[in-house]
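Undergrad: this is a predicted model, with the sequence first.
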Amino acid sequence: MAAPVLPLPQLKLPTAPSPVTPEQRYWKSFKNQKSHTSTASWPISHISFPSVVGAATSNSLVAAAKANDLFAVTSGPRVDVFSIRRREPLKTIGRFDSEAHCGEIRADGRVLVAGEDSGKMQVFDVGGGTRAVILKTWHLHKQPVWVTKWSPSELTTLMSASDDKTVRLWDLPSNVPTRVFTGHSDYVRSGAFMPGGGSNMLVTGSYDETVRIWDARSPGAAVLTFKHADPIEEVLPLPSGTTLLAASGSAISVLDMVAAKPLRLITNHQKTVTALALASHGRRVVSGSLDGHVKVFETAHWNVVASSKYPSPILSLGVITAGATHDDRHLAVGMQSGVLSLRTRLAGAAADKARSRAAEQTAFDAGPSALDKLDAQRAKRKRLAVSSRAMDRLGDTVDAIIPTAPRTAGGGAYKRPKLKPWQRDFREGRYAAALDAVLDTHAPEYQSITALTLVVALRHRSALREALEGRDELTVLPVVRWASKYLADSRYVGVCVDIAFHLLDLYSEFAEGSAELASQFQSLHGKVAREVEKAQMALLTLGMTEALGSGSVE
Amino acid sequence: MGAHTDANGETAALKKRKRTPKDEASPLNKRLRSKSKTTPRKSDIAVNSTLADSTPSRSDDKTALVLKESSGSAKAVVAASQPPRTTWKVSRPMGGRVLDIDPIFSPDERHLILTYNTSVQVYSTADSLLVRRIELPVTNSENGGYITAAVLSRSSTDHIWVASTHGRIWNIDWKTGAGAETPLAINARIVDMTLDVVELKDGKTDILLVLQALDETKAQLVAYNRSALATTTGKVLHTLEGTTGLVRSTAGARFITAATGATIHMGLLRKSFGDTFASLDYRFYSFDAPDLVACLDLQASTRITKKGREELQQVDLVLGGARGAIYLYSDVASKVGEGSGSKAGVIQPRKQHWHRKAVRSVKWSLDGNYLISGGYESVLVLWQLDTGKLSFLPHLSATIENIVISPQGSSYAIHLDDNTVMVISTEEMKPTVYISGIQTVAFEEQRSKDAMVHRVWEPASNISAPLVSAANPVNPSQMFLCVGNGLQASAVGALPSTPQVQVFDISSFQGVAKHAIARTNPTDANITSQGAPIIEPTITKLVFSHDGKWLASVDEWQPPEKDTEIFLTGTKTTEQVRQERREIYLKFWEVGADGDALEFVTRVNEAHHTNRTERIFDLASDPSSARFATIGNDGMVRFWSSKLRRRDGLVATTQDGQQLKVWACSRTISLPTPGQQELTAEPVTQPHRSGAVAFSEDGSLLFAALGERSEAVVAAIDTETGLVRETIFGMYKGEVRGIKSLGSRLIMLSDDLVVYDIVSDEVLYSFSLKESSAAKPLTQLAVNYESRSFAVAAPVPSSRQKSTKKGAKSELVVFSIDDSEPLFAQTFPHLITSLTPALSSPGFVAIDSAAQVWSITEGGDQANMLRPLADLGVEDVENETGAAALDSAMQDGEASDNEMQDGDQDMAMDVDDDDIHQAVVAPQHLAEIFNVAPAFAMPPIEDIFNQVASLFAAKPTRS
């Protein structure tokens, strides 16, 4: 039957060599950067966020909310406790004699452990008061303690690793370690509990270029050792518990624990990889390196899906989750320069709020009439929402509700696709007006693809000349400008040439009378000349390479 | 391929060929000749008698001899009227194109009678099903006759009167189909005809008012009754200038209007009806309308005089102009007398102008308050006369041709140019009946009403390209036909604009769906501001993958010549400039499970290209895997296969987790050219090339033929490795038009038809085709793997017309792969525009330029094509039960099904009582039998009965 009026479909250009993927778009959506510079610009050495698993063990609502709201950032002799919601430091723990390392908040968000250069390990109370209370101090390591981590399953168990080449397992109440693992022959700078192994399985990476797996249940040395070519800066077990990542120099090795062999070596970074973190529910791995790049890998084939550049070497990073579903919220990156960068991705209600705030701001900038319009729009939407809610409540008392608007087959409200002004102009044959609207490069909704779509559609409808005819100096200039701007783009060159032909045919006689038009035509000419030169060079190169190729065969 | 290959992967033949120096005459041709000389063979081919009423004439240029053996003697094939050796036969044609004649409602509105170009078809309005197809032998293309009018008899509503231009008038009982064989003939060209009933002394009788051409410049309005028809001496009422026109009457023939050109003639009954037919007497007045009349409608009211006689009170006339205006003359009858003599007084019409082009149809509503009109804009316009308010039903699928108001006024029947007729209820404006006919490239019987005025463009009058079609392998009765937005909208360029695919089910004979697979926007204006039509892309190829899950299509578009004049610089020709701006897309579609949804998957912009986009000559699908191959003007063969769509190494998925696929070129093979072998440094020009590809039956080889100038190369390419295994030069003469593989045989169509055995490396037989250059694109080759046969359809050459215009015929010849003697040959009365193998049966399906579908099959095995309900014996029930019975044959069918099922249950019970063995028949088994197809497409009742019987008679399974 009668077909619905559809807007002109947007042209789909052939995929460029590197199109923007959804993944890149996702990671680009971490924006709204907020930077904190640490006191005296101490490098940010560690960012930690309590593991998700233990959060549920706490029965206090307040604590749970708090547990979900804290992350710790270690820089120099300080550990700052930040709020996730407010992205602000809540509390600073500065009771260290020397440089602090690895400030880690326990899963319930109540206590924090950190090591320091002196070899001391201290446990602090996080909640209550601005002054952090030291709950416990161990001083058994004789060298700087670089790793202190809480067990993900038991609240009282923690591990430590130190430059004294030992790895220790601790019980919070006891003064001596429950187990001391020896075997590394150099500084141990990274370590973690293995997921799925309770508090028994540990993994550590050391400057002796090995990654060792320790089992508290088996006596003696490491149960598994992976030797690398470079010192190990960071280890990261994946949630599956069978795969392990180790940053060794500028490479990241993927180790299979079951087969006890390396799966892959990722060599995307140029300098030493210093930080690894999980993201997107364990389906992505984020790495940071001294080359200032943060790269995101997918975990099936370890391809880079997104990357971004930071101004300073990266020492630490963390992907901080929030909400009931633990979606990625902040991308926290700590740099050598002492800057902590927090980039935030808003989702759901927060995103809506941000959008409405942005709309308000633009309306405010535009003037009072725009503000009034926005208010009217909002009031209308609110009224609609109220009335539809009222209709919903009616459901109990009436048998059937007859919708006033026609419904689609699916039962949803029938929504007629709304044509934009230029689409309406195009449909109704006001081609020049439509062209003017889409070629306006200063318009906020300007998109070059829209312009191309319309020009190609005009060509299909034999209406390109009609759209270009009958213009005066003011209206012809944007078209000339547009054509010369996009002439160099291979996807646009066809329509630009057509437009230029028509323009020259129609308006070249007026160029004498208008200096502006003459100069635009001049610049168009120059652009064409440059393109021709480029094409000739390309052909020349092609000829030379062909000659080389045929020579090599003989 | 079965040839023995040595370690180098070359056959002996290839080596031999490579060693063979190239002489003046190709070695192959020599061998071909010597072979055909040595082979004892009858040089005559049995050609069946031609169809329909076109008598086969034996003169040299008119015979249906397409094929001529290319033996040395070159003896022409003689058409012999001997009976066919095999059991190949042609079914009766189905379908056709609805003519520009008002559809007829039966008085009870239960049936709709449509006039097709070759038949009259009766549809049920309850379920849009074909009840009866009454074939009319008017397709005499020799004198160009066609049906020009069809009207329902008023005295006996079971009858219709049908008139054709070559002076034949049928009185057909549409409830039985009687009368189609016995036309009455008058010796004049009938321009138009209408009918009214008058009450004479001897009862009510039909008076036919026939506008017939008198000579080249004059026409006569003649009245006939039944006896006058028998003697062909009607009563001449009036003589008019002009030989085209319309005639309508109203109020029991008290008022007659005839229009020729822009002149309106009105005839008023001089006094009341006399006693006899001979005493009919009219007084005629004429006046000039402001525009050429494209259509007209009358509305009259009568009153009863004191004497109890009926008298004309008021007549309102509405004219649709050829330039788009509608003229409204109210109460013309009272004003005509004001003039002097036969000239009527000046009558000022009310002018309403909305239509851009000719008003194709304008009708009064029953109450006279509204006008309903339609035209090229495909918008149904409702004019409220009192207020001047317009309301629209916009964006119908094609140009509106005819509008008819139902007898009760509750619905409109609308005939659209895309061969559909629908009935729209006036209350909701929703269709209640939808008859979607086959859409093809077809010849129009009449000139379109738009052509009454000179336009800036002329629609193409010849068919220059075949109808691109493909049968769905999953559902072989579904034909995918490449069509445009109506016939007139597609006949605008050199090639037809066919951006759409119509899914047409030949078993139910209904259009199932329509998909736009190339750029089109039916809701946008279809002409430019200069009045030129907007040319849409042409689909040139359409091929299914072997499993029917994928569909590949090729579409082409280039800007019209007028647009490109501005770009001419230097020595460039218009053609070059257009080709630089050509758009050729290779597209891949995923076919939905039920075949009526197409999902766009991949578009390849420049599948074949040099420094510009090049044409894709042919597209073939691998019979063993989902893979396609193309050959293009760049001399390359490309293989296309699907792969998972990856994004950063990750498999891209849809929202619901389904993996997305993408089609990409998997291999490119450059074909060797004859020039390359001889190593002659020829200047690089743009040769006129042609090409074709075909996969071998097992998919292991791809045969690619590429013609360059007069010489062609055929290469056998290993589809696994992509190596060219064998190359044959000089196999083709002229343009390559098709290549097919059947077993070890290769069938090649160019200026010759050559059957070549690749194993024994010899030409088994060949024929040269006798055809004009215009007919070449329409010669088609199809292979049926099931019957191991192939068919060639080619236009019959005619000395009178060079191009394939209306009246051209086609011959179809079926060959067995082993025998050079055709199994079957027949001339068809129309041009065959599409020839496809019937996938489920050993036959072929041909579609002709009259939009008819023919099934050519071996033995009694008919392709599953619809027959009208009447043929299925359902109709009789309806006739017997009469008006009080169930409404439709469909319901009858269902009712009888129910009865049968009840009966089955009883039977089962009886068997239970007998306790001999229990026939346990699960309901789903019965459902399987009865639900195979909708009632109208069911197998014969006998078969169903047998199936049911076998179900119950089956031996019980022992547990």
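TA: Okay, I see it.
Undergrad: show me where the stretch 201-350 of chain B has helices.
TA: For the stretch 201-350 of chain B, the helices defined by DSSP state H, counting those that start in this stretch occupy B:226-231, B:332-335.
Undergrad: go on, the stretch 701-850 of chain B?
TA: Going by DSSP H, counting those that start in this stretch, the stretch 701-850 of chain B shows no helices.
Undergrad: start from the N-terminal end of it and give the strands.
TA: Taking DSSP state E, counting those that start in this stretch to define them, one finds strands in the stretch 701-850 of chain B at B:701-708, B:711-718, B:724-729, B:738-742, B:745-749, B:752-757, B:762-769, B:780-784, B:789-795, B:810-816, B:824-828, B:832-838, B:843-848.
Undergrad: can you tell me the average pLDDT over the third one?
TA: Mean per-residue pLDDT for strand B:724-729: 86.
Undergrad: so in that sheet, which strands flank it, and in what orientation?
TA: strand B:711-718 (antiparallel) (DSSP bridges).
Undergrad: what's the angle from the strand it pairs with to strand B:701-708?
TA: 160 degrees (axes from the mean of the first three to the mean of the last three Cα atoms, to 10 degrees).
Undergrad: can you list contacts of strand B:711-718?
TA: Strand B:711-718 has contacts (Cβ atoms under 8 Å, 6 or more residues apart in numbering or on different chains) with B:1, B:9, B:637, B:669, B:671-674, B:690, B:700-706, B:723-733, B:736, B:739, B:746, B:748, B:750, B:758. Heads up, the C-betas are built off the backbone N, CA and C, glycines and all.
Undergrad: can you give me phi and psi for whatever residue of the stretch 601-750 of chain B ends up closest to chain A?
TA: With Cβ to the nearest Cβ, the shortest gap between the stretch 601-750 of chain B and chain A falls at B:Gly649, namely 3.5 Å. For B:Gly649, the backbone dihedrals (degrees, to the nearest 10) come out as phi 80, psi -10.
Undergrad: now for it, how many residues are close by?
TA: B:Gly649 has 13 neighbouring residues, counting by other Cβ atoms under 10 Å in any protein chain shown.
Undergrad: of all residues in chain A, which one is closest to chain B?
TA: A:Asn303 (3.5 Å).
Undergrad: surely that residue meets B:Val651?
TA: No. In this structure, A:Asn303 is not within contact of B:Val651 by Cβ atoms under 8 Å, at 11.6 Å.
Undergrad: spell out the residue ranges of the helices in the stretch 201-350 of chain A.
TA: When assigned using DSSP H, counting those that start in this stretch, the helices of the stretch 201-350 of chain A occupy the ranges A:348-366.
Undergrad: interface residues of it facing chain B?
TA: Proximity of the stretch 201-350 of chain A to chain B, by Cβ under 8 Å from any Cβ of the partner chain, involves residues A:298, A:300-301, A:303-305.
Undergrad: what is the longest helix seen in chain A packed up against?
TA: Determined from DSSP state H, the single longest helix within chain A is helix A:515-553. Secondary-structure packing of helix A:515-553 (3 or more Cβ pairs under 8 Å, 6 or more residues apart in numbering or on different chains; DSSP states H and E): helix A:473-486, helix A:493-507.
Undergrad: next, the contact list for whatever residue of the stretch 1-150 of chain B ends up closest to chain A, please.
TA: In the stretch 1-150 of chain B, the residue that lies nearest chain A is B:Ser128 (13.9 Å; Cβ to the nearest Cβ). Shown in contact with B:Ser128 (Cβ under 8 Å, 6+ apart): B:433-435, B:510.
Undergrad: which one of those sits closest to B:Glu216?
TA: B:Ile435 (38.4 Å; Cβ to Cβ).
Undergrad: quick one: that closest one is in a strand?
TA: Yes. Counting by DSSP: H, G, I helix; E, B strand; the rest coil, B:Ile435 is found in a strand.
Undergrad: about what we covered before: now the closest residue to the residue of the stretch 1-150 of chain B closest to chain A other than its chain neighbours: how far from chain A?
TA: Spatially, and ignoring its direct neighbours in sequence, B:Ser128 is nearest to B:Val433 (4.8 Å; Cβ to Cβ, 6 or more residues apart in numbering or on different chains). Note on B:Val433: its distance to chain A, by Cβ to the nearest Cβ, to the nearest Å, is 12 Å.
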